[in-house]
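Trainee: For reference, the sequence and a predicted model appear below.
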Amino acid sequence: MEFTNIRTVKITSYLLMALAATQALYTLLYIAEVNVPRQLLWGLEGILFSVLIAFAGAAMVQAKHYHVGWSAIAFSAVLNVIQVSIGLTMFTPFREAASQNEAMAPLAGAVVALSFMIYNVAKLLLGFAALIFGMAKMTSGVKALGSITVLVGVVAMLANAILIVFGRDAFLPSPVAGGFGVLATLLLALCLMSIAREDDGKQ
């Protein structure tokens, strides 16, 4: 199967939509205090992010414009694979070790903090990509979608930058930064889908 630039962009947009859906589902279950199937959801996200690396990377090479935006998507996926891997492989062992030995508690907390640091950097990059592709849509005449994507992208960047600089205990609640990051991901996916349709119509 030949993955043309248009097909690559479309698949990337579908992957971003799927990831926004899984992260929204996780957040809703967590807020509702429902037992979250972390292994299943995080494992699925690990697979989706891995595939996203390939397609966003391919789109970055194939694209004539917006290489920085594609780079932001690809590297955010790399960071998210690392973050999910830490969560799946290290959270439980360190939590159990901390419950048996209080001296391990700071180390367990450091592992969680590292995971969230990577998470926030990845969300900042997705916000940056949303800003770039939102501006592209504004330039092409789709001002409504482009404007809201730019706005949400900027807020996602600022919110996650605050947590990166000041830590998870900053004045901004962590779910706010994560929520805007997920919304930026969804709007970014819609922008990419619109770009793919426009390019398809030109052929």
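Mentor: It's in. Numbering: from 1, shown residues only.

Trainee: I'd like the distance between the spatially most central residue of the chain and Gly57.
Mentor: The centroid of the chain falls nearest to Lys123 when counting by Cα atoms, centre = their mean (4.9 Å). Lys123 is 19 Å from Gly57, where distance means Cβ to Cβ, to the nearest Å. For glycine as for every other residue, the C-beta is placed from the backbone atoms N, C-alpha and C.

Trainee: again with Val34
Mentor: Remark: distance between Val34 and Gly57 (Cβ to Cβ) = 35 Å.

Trainee: quick one: which of the two has more around it?
Mentor: When neighbours are counted by other Cβ atoms under 10 Å, Gly57 comes out ahead of the other of Val34 and Gly57, with 19 against 9.

Trainee: So which residues make contact with the strand or helix carrying the more buried one?
Mentor: With the criterion set as DSSP states H and E, the secondary-structure element containing Gly57 is helix 38-62. For helix 38-62, the surrounding residues in contact (Cβ atoms under 8 Å, 6 or more residues apart in numbering) are 3-5, 8-9, 11-12, 15-16, 18-19, 22-23, 25-26, 67, 70-71, 73-74, 77-78, 80-81, 84-85, 87-88.

Trainee: Could I get the buried residue list for the helix or strand hosting Ala72?
Mentor: Using DSSP H and E, Ala72 maps to helix 67-100. In terms of neighbour count (16 or more other Cβ atoms under 10 Å), helix 67-100 has its buried residues at 69-84, 86-87, 91, 94, 98.

Trainee: low pLDDT regions in the chain?
Mentor: For the chain, residues meeting the criterion pLDDT under 70 lie at 1, 200-203.

Trainee: coming back round to it: determine the angle, from 0 to 180 degrees, between the helix holding Ala72 and helix 38-62.
Mentor: In this structure, helix 67-100 runs at an angle of 160 degrees to helix 38-62, with axes from the mean of the first three to the mean of the last three Cα atoms, to 10 degrees as the basis.
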